[in-house]
Structure formats: structure tokens, C-alpha cells
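Colleague: my questions are about this predicted structure, shown below with the sequence.
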Amino acid sequence: MISTNLNSILNAREAAKKLMGQELPVKVSYRVAKLIKAMNSEIEVYDQERIRLCEKYGELDKKKGEYKISETTEFYKDLNSLLDIEVSLDVRKVSLPETLSITPADILSLSDFIEIEGVEDD
């Protein structure tokens with residue numbers, strides 16, 4: 001079980017997609033797929049709530065397809081509260097082989113969700 005918040009999930013989304021494109025051992029690929037499925041489920045609920053906040057604090061510009069927020073202070077206060085919500089993903093951390101090529105930025109954004117084989121936290 002991984003405990004994190006919605007902000008961490010959103011920040012890890014792109015790095016997790018990159019992992020999907022990597023050639024990985026079968027067990028690792030399976031765990032990555034389960035992780036992304038769990039993350040996507042939370043992101044879907046987040047998006048629904050974010051749109052609800054946009055509707056509450058703004059108006060949809062139908063030409064541009066985006067919301068114009070009129071009460072920005074309250075909107076961002078509520079949005080930050082939403083991003084801080086703690087969630088539990090019913091998956092284990094993905095153990096990545098230390099031979100995998102991954103950027104430090106991706107490791108940082110995935111830190112709640114992965115561990116690197118043979119590397120211990122200091």
C-alpha cells in the first residue's frame with residue numbers, strides 16, 4: 001500500500017508514462033502497469049473535482065474551451081486543499097533494476113512510488 005497525496009500523483013504522471021515505454025522484466029512491467037492504473041483512477045476523480053471547482057469559481061469560455069476564474073484566491077485555496085488530500089494506492093512500490101536509465105528528475109517525481117534495487121536511502 002502506498003500512501004501519498006494527489007499532488008505527488010500528478011507530478012509523477014509523466015515520469016510513470018516514461019516507465020511504460022521502457023523494456024523491463026515482466027514482473028516489473030506488471031507492477032508499473034498496476035501502479036499507473038491506480039494513479040489514473042485517482043487522477044480521474046481529481047479531474048472531476050477540479051472541473052467542479054472551475055465551475056464554482058469561474059465561467060467556461062466556450063470558444064477557448066477553458067474556464068475564466070473570477071475568484072482566484074478562493075479557487076486556489078480550494079485547489080490546493082484538493083491537491084493535499086492524502087490517498088492510498090492499493091499497490092506496492094515498484095522495484096526498478098539499478099541498470100535502468102532514468103533521469104534524476106524522474107526519480108525525484110517518482111520517489112513515493114519506486115525503489116531502486118541495490119540502492120538504499122541515506
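Modeller: Thanks, I have the structure now. Given the structure is predicted, the values throughout are model-derived calculations rather than measurements.
Colleague: how about the contacts made by residue 114?
Modeller: By C-beta atoms under 8 Å, 6 or more residues apart in numbering, the residues touching residue 114 are 93-96, 107. C-beta coordinates here come from the backbone N, C-alpha and C atoms, glycine included.
Colleague: between those, which sits nearest residue 11?
Modeller: Nearest to residue 11 among those: residue 107, at 12.3 Å, using C-beta to C-beta.
Colleague: which element is that closest one on?
Modeller: If you go by DSSP states H and E, residue 107 is part of helix 104-109.
Colleague: and what of residue 51?
Modeller: Element membership for residue 51, per DSSP H and E: helix 26-57.
Colleague: buried residues in the next helix or strand after that helix?
Modeller: Note on helix 26-57: by DSSP H and E, the next helix or strand toward the C-terminus is strand 58-61. Neighbour-count burial for strand 58-61, counted by 16 or more other C-beta atoms under 10 Å, picks out residue 58.
Colleague: could you point out which element follows strand 58-61?
Modeller: strand 66-69.
Colleague: how about that following strand: buried residues?
Modeller: Buried-residue list, strand 66-69, by 16+ other C-beta under 10 Å: 67, 69.
Colleague: next helix or strand past that strand?
Modeller: helix 72-83.
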